[in-house]
Each structure stands twice: as C-alpha cells, then as structure tokens.
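**Q** what follows is a predicted protein model with its sequence.
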Amino acid sequence: MNAAFPPHDPGHVPVMLAEVMDYLAPRDGGRYVDGTFGGGGYARAILASCACQLWGIDRDPAAIARGQALAHTCTAPDGTPRLHLLHGGFAGMAALLAEAGVARVDGIVLDLGVSSYQIDQAERGFSFRMDGPLDMRMGDTGPTAADVVNTLPEDELADIIYHYGEERLSRRVARAIVAARAEAPLLRTTQLADVVRSVVRPDRSGIDPATRTFQGLRIHVNDELGQIRRVLEEAPRLLAPGGRLVVVSFHSLEDRLVKQAMALAAGRTPAPSRHDPRAMTQRAGPTGFRLLTGRPIRPGEEETRRNPRARSARLRALECIAPLPLPESDPAG
C-alpha cells in the first residue's frame, strides 16, 4: 500500500463505517466495488485496510473529479493504480465493470443515502435549509425538481409526495404547490420549503415539515427506487464465492427493497407483513447466497450523537456461497 495514502477527509463522515468494514471484510488481493463513491469515505477505508483493488462508481461528475486526487495517490508498490473511477449510475454496474474488464468481485458496498457533499452544496438544490436552485439531480442530466413542481398536474404531484415522501398530507401540499406556481414559478429551494410549511405543521418528531416533500421529489427526479431495484438484481451476480454485498439504506422504502432482494437471493420468501410469523422463514429452493444479517444493523448511540444523519441508517449484508451466472452485460467469467 502507498505510504502517502491521504488521510480521512474530516468534512465527509461515512455512515456506519466500522460496521461496513466488519461485514465487507476486505482482504489482500481482493477486488471491491464502492457503487456510491460520493466523498470516497468507504473507498478510502477499504483501500487503507489491505492491498486490494477498488472500483468506485458515481453518476455525479463532481464526485468522480474529487476522487481523482485519491486515485493519483493510491497506488501499488509498482506504481499501478489501485482505485479505478467509473462515471455512471450503480444500476449499470455490470456494464460499467464489464467495460473496465472486470467480471467477478469480492465485495460490493452501497450507501443509498444522498451524499453529504450534495446536501451541503446549496447549488445542488437538495436542502430545504439553504437557498439554492430547485434542482435535486444526483447527476447532470434529466428534468430538475423545478421542472417537476412547475409542470406536473396536481394529482401526479400528490402521488409522488405520498408514495415516495410518505407524506400523509400530500394532497394538501400538492394543492398549495399548484396555487403558488400560478402566481410565480417555484425555482428556489426556500420557495418550495415555505409553501410546504404553510400547509404542514411541525409534529412531535421535530422533523422539518418540508422533509418528506423534498424526499419524495428527490426520489422521483433521480428514479432512486428503480435504480435500487436494478442494482439489487445485478450486484449479487457479480460476486465471487465468499464475496459480500453490504448495503446501507436510510428510509423504509429503500430498506424494504433491500430486505426483499436479499431474502429472495438467500432462498427465503418474505411474508407480506412483518407481523406474519412466517416472515423470512420459508425456503424458496436452492440458493447460492446466505444472509449475514437477520435484522438490520443500526448505528450506535455514539455515532448518531456525532453524526445525526446516521440516525435512520440500516445495514444489511449478503454473502455469496456459489456464484450465479454473470449478468448478460458482463464479460464471461
């Protein structure tokens, strides 16, 4: 490993880092994928822990640009790079790795939350606490949140906010948005946040009334749940025997998809309700995977105190026992 490996960036706090490393268990000679490179927190720790290779994937060009500094300093003793950056969404992981000449890997980590860099940059439009353009795109293509709130019919807006934001007052919020945009286009984050706060009162949780609406719009703009479904179909097939998939999610919509996908991969059929005693116990035939986490792992009190963003995090992990055929977009291996 490179003696000049850059120290941890104090401005970026990877969530549940110790737990991720424990379940991923990186080893010398291994090949790993950080499917949500972001600020490089997990990648940095993995590369520092052993003499391995890592492919970092992100659809945000800014994340790839930031990672170049780490890539230049993280080299093997013979000078060859150990960190390889791939620009694209994690839903296309198999194709991205195939283009890089990679078939099977020994571990994949996914952090499904919004990058702290994106939240903290007002110009990205993710935060209702800072004034910025109403953008919310994780990449640099496609419709913005402003496009959505200023053009979609009231019923469609309400459905997005209800299903993706889990906001029970979604129809009231959508009605207020349509009324506000009739006066002037909603182009700034603070504009939208004020509209939501005008019709949704704070509750006992202390969560800002705009939180759920912003979550719903962000998920819609980035097709987050569709992206998650696709990567959860592909990622297990990329694992070599003994390889592990470690996923950190941040709300119930994400965690439900992860739980179901891992259960099915491990040959278990999730019951329709968590109150059903058969839940996660039925076998669904031969399988090449085993669950490493029966229940989701949660962050400790100390971490949530230091990093409030970690409070809703849930970690689940899966291990490959016998590999499945590679996805069609991957090279034969």
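**A** Looks like it arrived, so ask away.
**Q** hang on, Glu215 packs against His163?
**A** You called it Glu, but residue 215 is Gln. No: when contacts are counted by CB atoms under 8 Å, Gln215 is not listed as touching His163 (11.0 Å). For glycine as for every other residue, the C-beta is placed from the backbone atoms N, C-alpha and C.
**Q** higher neighbour count, these two?
**A** Between Gln215 and His163, Gln215 has the larger neighbour count (other CB atoms under 10 Å), namely 21 against 15.
**Q** once you drop chain neighbours, what's closest to that one?
**A** Gly165 (4.7 Å; CB to CB, 6 or more residues apart in numbering).
**Q** could you report the distance from that neighbour to Ala235?
**A** Distance of Gly165 to Ala235, given as CB to CB, to the nearest Å: 26 Å.
**Q** hmm, back to that, helix, strand or coil: sort out the residue nearest to Gln215 for me.
**A** Per DSSP: H, G, I helix; E, B strand; the rest coil, the local secondary structure of Gly165 is coil.
**Q** got phi/psi on Pro81?
**A** Backbone torsions of Pro81, given as degrees, to the nearest 10, read phi -70, psi 150.
**Q** show me where the stretch 201-333 of the chain has helices.
**A** 211-222, 224-234, 252-265, 301-306 (DSSP state H, counting those that start in this stretch).
**Q** now the angle between helix 211-222 and the second one, please.
**A** With axes from the mean of the first three to the mean of the last three CA atoms, to 10 degrees defining the directions, helix 224-234 sits at 60 degrees from helix 211-222.
**Q** now do the buried residues in helix 224-234.
**A** Of the residues in helix 224-234, those buried by neighbour count under the rule 16 or more other CB atoms under 10 Å are Glu224, Leu225, Gln227, Ile228, Arg230, Val231, Leu232, Glu234.
**Q** show me the contacts for the fourth one.
**A** Under the criterion of CB atoms under 8 Å, 6 or more residues apart in numbering, the neighbours of Ile228 are Ala91, Leu112, Glu254, Leu257, Val258.
**Q** tell me how far the ends of stretch 79-91 are from each other?
**A** 31 Å (CA to CA, to the nearest Å).
**Q** please enumerate the helices of the stretch 51-200 of the chain.
**A** Using DSSP H, counting those that start in this stretch, helices in the stretch 51-200 of the chain cover 61-73, 93-99, 116-120, 145-151, 154-163, 170-183, 189-197.
**Q** list the buried residues of the first one.
**A** Of the residues in helix 61-73, those with enough neighbours to count as buried (16+ other CB under 10 Å) are Ala62, Ala63, Ile64, Arg66, Gly67, Leu70, Ala71.
**Q** ditto for the shortest one
**A** Within helix 116-120, the residues that qualify as buried are Ser116, Tyr117, Gln118, counting by 16+ other CB under 10 Å.
**Q** please apply the same query to the fourth one.
**A** By neighbour count on 16+ other CB under 10 Å, the buried set for helix 145-151 is Ala145, Ala146, Val148, Val149, Asn150.
**Q** how about residues contacting that helix?
**A** 125, 133-137, 157, 160, 177, 181, 185-187, 192, 217-218, 220-221.
**Q** hmm, 10 Å instead?
**A** For helix 145-151, the external contacting residues (CB atoms under 10 Å, 6 or more residues apart in numbering) are 125-126, 133-137, 143-144, 156-157, 160-161, 174, 177-178, 180-181, 184-189, 191-192, 195, 213-214, 216-218, 220-222.
**Q** could you export it as PDB, CA atoms only?
**A** Below are the C-alpha coordinates for helix 145-151, written out as PDB (Å, rounded to 0.1, in the frame of the first residue of the first chain):
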ATOM      1  CA  ALA A 145     -37.200  19.200  -9.300                       C
ATOM      2  CA  ALA A 146     -38.300  22.700 -10.600                       C
ATOM      3  CA  ASP A 147     -39.400  21.100 -13.800                       C
ATOM      4  CA  VAL A 148     -41.500  18.600 -11.800                       C
ATOM      5  CA  VAL A 149     -43.200  21.000  -9.400                       C
ATOM      6  CA  ASN A 150     -44.000  23.600 -12.100                       C
ATOM      7  CA  THR A 151     -45.400  21.200 -14.800                       C
END
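**Q** now that helix: how far from the chain's centre is it?
**A** Here the centre of helix 145-151 is set off from its chain's centre by 23 Å, with CA atoms, centre = their mean, to the nearest Å.
**Q** can you check the fifth one too?
**A** In terms of CA atoms, centre = their mean, the centre of helix 154-163 is found 23 Å from the chain centre.
**Q** what do you get for the shortest one?
**A** Relative to its parent chain, helix 116-120 has a centroid offset of 13 Å by CA atoms, centre = their mean.
**Q** helices or strands next to it in the packing?
**A** helix 61-73 (3 or more CB pairs under 10 Å, 6 or more residues apart in numbering; DSSP states H and E).
**Q** chain center to the helix it packs on, what's the gap?
**A** 19 Å.
**Q** elements contacting it?
**A** Applying 3+ CB pairs under 10 Å, 6+ apart, one finds that helix 61-73 contacts helix 41-49, strand 53-58, strand 83-87, helix 116-120.
**Q** so for it, mean pLDDT?
**A** For helix 61-73, mean pLDDT is 92.
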